[in-house]
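1. could you look at this predicted model? Sequence included:
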Amino acid sequence: MDARPTFPPHQPRGEQPRSLAGVRVVDLSRVLAGPFATQMLGDLGADILKIENPRAGDDTRWLIAQPNLGGENFFYLALNRNKRSVAVDINTDEGREIVFRLLADADVLVENYTTRVMQRAGLDYEALKDRFPRLIFCSISAYGRTGRLAHAGGFDSAISVEAGVASLNALPDERPVVGGVPFIDITTAMNATIGILAALRARDMPGSETFGKGQFIDIAMYDTAIADLSYKGYQYLASGQNPVSLGRKPKFGMPGGEFECADGVVWFTCTTQKMFHALCDHVIDRPELKDDPRFLTIKERNENVDEMIATLEAEFIHHDRAYWGDRLKRAGVPCGEVRLVGEALISRETEEREMVREIAHPTAGSVPVIASPVKMSLTPPVDPVAPPLLGQHTAEVLREVGYSSADIARMEQLKVIALHEHPAKDAA
């Protein structure tokens, strides 16, 4: 097995103002969309209390067996930084009472169980709204909490094919292809985060009719997928014709697409005359092509596409991707080196933006972290803290809400809670 790559350690920024200072989130979500949303809130400074099943924790702790770091799964590590793990059985009376105590001082609850699970536990919105009128309750589900599919579960892949998204990933005449990155889960998480931030703003706006009032946020993966269709969806609404995948052709403009280089492939698109002229003058050093009758305008270039592409292929094959990528970017022609995931993560661009760093972890020594992409001058994201071990903060959080050491020991023996006090390992 290949050794994992290592990265420079994160350099702490120290204490700085936090965008969400004082905001507490009780996080009853698991797997992807919910945890990704609460991770974003944690990056912005909210206190995230990750409520987990004391027997196994978040499904992603064991969902895919490899690769592991310090006994923790890569899937879980990717989605749960800047949180505190509280292992509580919410299906017991004492477990529910713990959640109620946490909600007394909480601003937000996030969950992505099926409707029946939250109702059975007595933790659905209808059961909580009168007791906690300031609480913002964000419910993430496959099809929303109303309608005939309110109780149905779902995953990104299933929603992707059902909403037509996967049909746009296939080459012509291929069946729909599920995307390699779960973008519907990810954009669902973003919509949940936006909704939560808007609800916090509405609740905390003095003098408004919403001041002091929590609310219910219904976030459906299916709704998100339909919204994600964006202009592709509107193409059908405007014409009645289904949009089709363009395969490896550029969406707009000519020339463009994939071009073989000495060490791989580069992709670019010239959508304007200015870009085409820049390509000729400053990228391939062939200014005479601007005046070639076959290539004068995009109309002629599309009519003579084979000659246009062949001319460029003969140029690009002589140098590597980095050479052409630098020249295209300097000339103002949008482009990208075609890379594998690993190549992207260790690339110059990723390093320049400090997007991957190492942080301390209690059992692995250190783990890599993909940084928050949000760069803010006054309230930057907090210094990342590694995803917690299962129950790592149970005792700490319970003491904060008034439980004694004797209470905690008794509930642990009854398996209402789980504790995981693990000695920290020196960071590698």
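-> Arrived safely, thanks for sending. Residues are numbered from 1 along each chain as shown.
2. what about V99, how many neighbours?
-> Neighbours of V99 under the rule other Cβ atoms under 10 Å: 22. For every residue, glycine as well, the C-beta is placed using N, CA and C.
3. which strand or helix spans it?
-> helix 93-104 (DSSP states H and E).
4. next, the buried residues of that helix.
-> For helix 93-104, burial by neighbour count (16 or more other Cβ atoms under 10 Å) applies to G95, R96, I98, V99, R101, L102, L103.
5. which elements pack onto whichever helix or strand comes after it?
-> Downstream of helix 93-104, the first helix or strand assigned by DSSP H and E is strand 108-111. Packing partners of strand 108-111 (3 or more Cβ pairs under 8 Å, 6 or more residues apart in numbering; DSSP states H and E): strand 24-28, helix 33-43, strand 136-141, helix 183-203.
6. for strand 108-111, list the C-alpha coordinates in CSV.
-> What follows is strand 108-111, C-alpha atoms only, in CSV (Å, rounded to 0.1, in the frame of the first residue of the first chain):
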residue,chain,number,x,y,z
VAL,A,108,-29.6,25.5,16.3
LEU,A,109,-30.6,21.8,15.9
VAL,A,110,-29.5,20.0,12.7
GLU,A,111,-30.8,16.5,11.9
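7. ok so L312 is a helix residue?
-> Yes - judged by DSSP: H, G, I helix; E, B strand; the rest coil, L312 forms part of a helix.
8. state the distance from it to L328.
-> Distance of L312 to L328, given as Cβ to Cβ, to the nearest Å: 12 Å.
9. these two - which one has more neighbours?
-> Legend: neighbour count by other Cβ under 10 Å for L312 and L328, higher for L328 (24 against 20).
10. what strand or helix carries that one?
-> helix 321-330.
11. show me what that helix is packed against.
-> Using 3+ Cβ pairs under 8 Å, 6+ apart as the contact test, the elements touching helix 321-330 are strand 256-261, strand 264-269, strand 335-337.
12. out of these, nearest to T38?
-> Comparison of those against T38 by Cβ to Cβ identifies strand 335-337 as nearest, at 31.1 Å.
13. give me the mean pLDDT for that closest one.
-> For strand 335-337, mean pLDDT is 95.
14. just checking, what packs against it?
-> Packed against strand 335-337, as judged by 3+ Cβ pairs under 8 Å, 6+ apart, are the following elements: strand 264-269, helix 321-330.
15. buried deepest among these, which one?
-> With neighbours defined as mean count of other Cβ atoms under 10 Å, the helices and strands packed on strand 335-337 peak in mean count at strand 264-269, which reaches a mean of 20.
16. give me the sheet partners of that one and which way each runs.
-> Each strand paired with strand 264-269, and its direction, by DSSP bridges: strand 256-261 (antiparallel), strand 335-337 (antiparallel).
17. can you lay out those strands as JSON lines showing mean neighbour count?
-> Shown next, in JSON lines, are the strands paired with strand 264-269 (neighbours: other Cβ atoms under 10 Å):
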{"stretch": "strand 256-261", "mean neighbour count": "19"}
{"stretch": "strand 335-337", "mean neighbour count": "20"}
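18. these into JSON lines, with extra columns for distance to R4?
-> As requested, the strands paired with strand 264-269 are exported to JSON lines (distance: least, Cβ to Cβ, whole Å):
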{"stretch": "strand 256-261", "distance to R4": "28"}
{"stretch": "strand 335-337", "distance to R4": "23"}
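19. nearest to L41 among these would be which one?
-> So among the strands paired with strand 264-269, strand 335-337 is nearest, using Cβ to Cβ, at 30.6 Å.
20. any idea which helix or strand comes after that closest one?
-> Per DSSP H and E, the first helix or strand lying C-terminal to strand 335-337 is helix 341-345.
21. contacts for that following helix, please.
-> P5, E337, T350, V356, I370 (Cβ atoms under 8 Å, 6 or more residues apart in numbering).
22. which of these are buried?
-> Burial by neighbour count, 16+ other Cβ under 10 Å: within these this picks out E337, T350, V356.
23. three-state assignment of I48?
-> Under three-state DSSP, I48 comes out as strand.
24. again with the one 3 residues further on
-> Reduced to three states with three-state DSSP, the structure at I51 is strand.
25. ok, now which ones touch the spatially most central residue of the chain?
-> Nearest to the geometric centre of the chain sits I186, at 4.2 Å (Cα atoms, centre = their mean). Contacts for I186 (Cβ under 8 Å, 6+ apart) come out as L32, A33, F36.
26. so A322 touches C335, yeah?
-> No - with contact defined as Cβ atoms under 8 Å, A322 does not reach C335; the gap is 11.4 Å.
27. G212 against R134, yeah?
-> Yes - contact criterion Cβ under 8 Å: G212 and R134 qualify, at 6.2 Å.
28. what's the neighbour count on the closest residue to R330 other than its chain neighbours?
-> Ranked by Cβ to Cβ, 6 or more residues apart in numbering and with sequence neighbours excluded, the top spatial neighbour of R330 is H282, at 7.0 Å. By other Cβ under 10 Å, 15 other residues sit near H282.
29. quick one: V333 and D281, what's the gap?
-> 11 Å.
30. same check on E174?
-> According to Cβ to Cβ, E174 stands 38 Å off from D281.
31. same check, this time on D204
-> Separation of D204 from D281 (Cβ to Cβ): 54 Å.
32. then M40?
-> Applying Cβ to Cβ, the value for M40 to D281 is 43 Å.
33. cool, and V416?
-> 72 Å.
34. between those two, which is the more surrounded one?
-> Neighbour totals were compared for V416 and D281, and V416 leads with 22 against 14 (other Cβ under 10 Å).
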